[in-house]
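K.L.:
Following is a predicted model, sequence given first.
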Amino acid sequence: MQRLTISLDDSMAEAIDAFMARSGYSNRSEAMRDLIRDALSPSTQAGVATPECVAAISYVYDYDGRDLALRLERAQHARHDITISSMRTRLDHRHCMEVTLLRGPTVEVRALGQTILAEKGVRFGQMNLVPMRSEASGHSHGQGGAYHRHDTPAL
C-alpha cells in the first residue's frame, strides 16, 4: 500500500467529513479509497463501447483564474472537429458554469472531456457520454429531400 498526501481547501474537507458521516465511514482514507475506486471503475468510465458518441461536459470554474477560460477555449478550439457547442453562464463575479457538447469518435471525445475536466481550477466537472450507433444505410425524407443518415443512441 502507498501513502499519498493531498491538499484540500477547508470546504472540501468538510464535505468529505459530511459524506463520511452520512455513509458510515470511520476514517478519511477508506472514504477516499471508495470515492476514487468509484470514479475509476470501468462502469463509470466506459459505459457501452461504440466507435462514436455524443457527450455533454459540464463544469464550474473561476473565470479570473490564471488564464483558465483561455486554456479551456483553446482546448475546444484545437478539437473544433468534435466540439459542437459551448454555453457559459456567470454564477457570480468570479465563477462560471460551462456546458460543452462534443460529438465524434468515442476515444477522442473522452480524451478532450478528460483534458477539460483535469484543468487546474475546474470544479464540479462531469462528463455524460452517450454511445451512438449509425444506421447501416441512409435515406431521404419526402420528394426531393436530401439524402442523410441518422445516428441513434446505443441503448
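P.N.:
Received it, and whenever you're ready, just let me know what you need.
K.L.:
CA only for contacts and neighbour counts going forward, please
P.N.:
Fine.
K.L.:
what comes into contact with the helix or strand hosting residue 74?
P.N.:
In this assignment (DSSP states H and E), residue 74 forms part of helix 68-78. Here helix 68-78 makes contact (Cα atoms under 8 Å, 6 or more residues apart in numbering) with 61-63, 83, 112, 115-116, 119-121.
K.L.:
ok, 7 Å please
P.N.:
Under the criterion Cα atoms under 7 Å, 6 or more residues apart in numbering, residues 63, 83, 116 lie in contact with helix 68-78.
K.L.:
Report the inter-axis angle for the helix or strand residue 109 falls within versus helix 68-78.
P.N.:
Assigned by DSSP H and E, residue 109 belongs to helix 106-118. On the basis of axes from the mean of the first three to the mean of the last three Cα atoms, to 10 degrees, helix 106-118 is oriented at 170 degrees to helix 68-78.
K.L.:
next SSE after helix 106-118?
P.N.:
Next in sequence after helix 106-118, counting helices and strands by DSSP H and E, comes strand 122-134.
K.L.:
Report the strands that pair with that next one, each with its relative direction.
P.N.:
strand 52-62 (antiparallel), strand 151-153 (antiparallel) (DSSP bridges).
K.L.:
could I have it exported to PDB, CA atoms only?
P.N.:
C-alpha atoms of strand 122-134 as PDB (Å, rounded to 0.1, in the frame of the first residue of the first chain):
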ATOM      1  CA  VAL A 122     -12.100  23.300 -13.000                       C
ATOM      2  CA  ARG A 123     -14.500  22.100 -10.300                       C
ATOM      3  CA  PHE A 124     -17.700  20.100 -10.200                       C
ATOM      4  CA  GLY A 125     -16.900  18.600 -13.600                       C
ATOM      5  CA  GLN A 126     -18.800  15.800 -15.000                       C
ATOM      6  CA  MET A 127     -18.900  14.000 -18.400                       C
ATOM      7  CA  ASN A 128     -22.200  12.500 -19.600                       C
ATOM      8  CA  LEU A 129     -21.200  10.300 -22.600                       C
ATOM      9  CA  VAL A 130     -23.900   8.700 -24.800                       C
ATOM     10  CA  PRO A 131     -22.700   5.900 -27.100                       C
ATOM     11  CA  MET A 132     -24.100   6.100 -30.600                       C
ATOM     12  CA  ARG A 133     -24.700   3.700 -33.400                       C
ATOM     13  CA  SER A 134     -25.100   4.700 -37.000                       C
END
